[in-house]
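Participant: next one to model:
(one chain, ligands or ions: 2)
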Amino acid sequence: MNSNPSDAADSSKGTPGIVGLVVAAHGRRGILAQSDGKRFPYMIRGRHLRVCCGDRVRFEPIPDGKPVLITAIMPRDNELQRLSGRSLPETIAVNLTHLIVVMAALPAPDLYLTDRYLCAARLMGTTGALAWNKSDLATVPAAELAGYETLGYPVLPVSAVTGNGIEALRAWIGSGTAILVGQSGVGKSSLLNALVPGADVVTGKISEASDEGRHTTTASVLHPLAGGGALLDTPGVRDFVPAIPEGRA
Ligand SMILES: Nc1nc2c(ncn2[C@@H]2O[C@H](COP(=O)(O)OP(=O)(O)OP(=O)(O)O)[C@@H](O)[C@H]2O)c(=O)[nH]1
Ligand SMILES: [Mg+2]
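Facilitator: Ligands and ions are numbered 1, 2, ... in the order given. Next up, the predicted model:
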């Protein structure tokens, strides 16, 4: 986790080009949005730029409808990083203001996972909250989650199905850039569809055999929210290990 990253800080200096926002990143290709909302496929110049969802970048338009060329990354405000299988930091998203851990009665909550995400939010200087989704099926387990509110993390009851709490969640995000994280099947993509009309993100059913989600979402995508904010849907995880910067462990 990095609340004051420096690796991307110098790459944009003196580089000409238009500024855009990376809204989807798949390796060296992805989608970039211009300030007027227009979107283009992109490619990356050189081997050293590691572009991430949420990055502000400089790019050069290419004629003939080819993907635009990213030439530099603007300095990042922060980075959400996890430790990969090889214990190397892997950046999931950057430039976030809000982190929302989505939970539900099914799949059964994993509070250890929640704690790890909130730890990450704290380390990167991002405001954290819990969204208790599927409140149409089960009310907030108040006793179990009381500790989070005591620590300053609001617990927001929501339902992507009935619309309960959706406006309160939208108000909490405001004009910020929020990420939805949590286990597979808790309803991250369903909440995104409720908050961003027309997004039409694919959602999946819970497996009857395991009571777990089916890992329907496979890529992180940033969607604009009415009111100036933005919302990032992410793939569900079984585990998340925050990458703690040296000296902060
Ligand atoms: N009853 C009820 N079901 C919901 C609600 N939100 C989502 N679901 C259901 O939960 C299942 C999983 O929803 P998704 O939105 O795909 O979950 P996800 O967290 O995006 O899952 P991954 O992409 O696999 O990480 C679907 O069958 C949804 O219809 C809700 O508020 N109430
Ligand atoms: Mg999903």
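Participant: what does the protein put close to ligand 2?
Facilitator: Lys188, Ser189, Thr216, Thr217 (Cβ under 5 Å from the ion). Glycine gets a C-beta too; all of them are placed from N, C-alpha and C.
Participant: most widely separated two among the residues you listed?
Facilitator: Greatest spatial distance in the residues of the chain next to ligand 2: Lys188 and Thr216, 9.5 Å, computed using Cβ to Cβ.
Participant: for this protein, list the residue farthest from the centre, please.
Facilitator: Asp64 (32.5 Å; Cα atoms, centre = their mean).
Participant: what's the pLDDT at that residue?
Facilitator: If you check Asp64, the pLDDT there is 79.
Participant: ok so, going back, buried ones from the residues of the chain next to ligand 2, can you make that a PyMOL selection?
Facilitator: To isolate the buried members of the residues of the chain next to ligand 2 in PyMOL, using 16 or more other Cβ atoms under 10 Å:
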select buried, resi 188+189+216+217
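Participant: mind checking how far the longest helix along the chain is from the chain centre?
Facilitator: Looking across the chain with DSSP state H, the single longest helix is helix 111-123. Centroid separation between helix 111-123 and its chain, computed with Cα atoms, centre = their mean, to the nearest Å, is 14 Å.
Participant: next secondary structure after it?
Facilitator: Where DSSP states H and E defines the elements, the next helix or strand beyond helix 111-123 is strand 127-132.
Participant: helices or strands up against that next one?
Facilitator: strand 98-103, helix 111-123, helix 142-150, strand 155-157 (3 or more Cβ pairs under 8 Å, 6 or more residues apart in numbering; DSSP states H and E).
Participant: redo that, cut-off 10 Å
Facilitator: Under the contact definition 3 or more Cβ pairs under 10 Å, 6 or more residues apart in numbering; DSSP states H and E, strand 127-132 sits against strand 98-103, helix 111-123, helix 142-150, strand 155-157, helix 166-173, strand 177-181.
Participant: nearest to Asp211, of those?
Facilitator: Evaluated with Cβ to Cβ, the helices and strands packed on strand 127-132 place strand 98-103 nearest to Asp211, the distance being 14.3 Å.
Participant: in that closest one, what's buried?
Facilitator: Using 16+ other Cβ under 10 Å as the test for burial, strand 98-103 gives His98, Leu99, Ile100, Val101, Val102, Met103.
Participant: each with direction, which strands does it pair with?
Facilitator: When pairing is defined by DSSP bridges, strand 98-103 lines up against strand 127-132 (parallel), strand 177-181 (parallel).
Participant: quick one, which of those is nearest to Gly152?
Facilitator: Across the strands paired with strand 98-103, Gly152 has its closest neighbour in strand 127-132 (8.4 Å, Cβ to Cβ).
Participant: gap between the residue nearest the centre of the chain and Ile173?
Facilitator: With distances taken as Cα atoms, centre = their mean, Ile179 lies nearest the centre of the chain, 3.0 Å away. According to Cβ to Cβ, to the nearest Å, Ile179 stands 10 Å off from Ile173.
Participant: common neighbours of these two, please.
Facilitator: Here Ile179 and Ile173 share the contacting residues Thr97, His98, Ile100, Ala230, Leu231, scored by Cβ atoms under 10 Å, 6 or more residues apart in numbering.
Participant: show me which of the residues you listed is closest to ligand 1.
Facilitator: Distance ranking of those against ligand 1, using Cβ to the nearest ligand atom, places Ile100 first at 11.5 Å.
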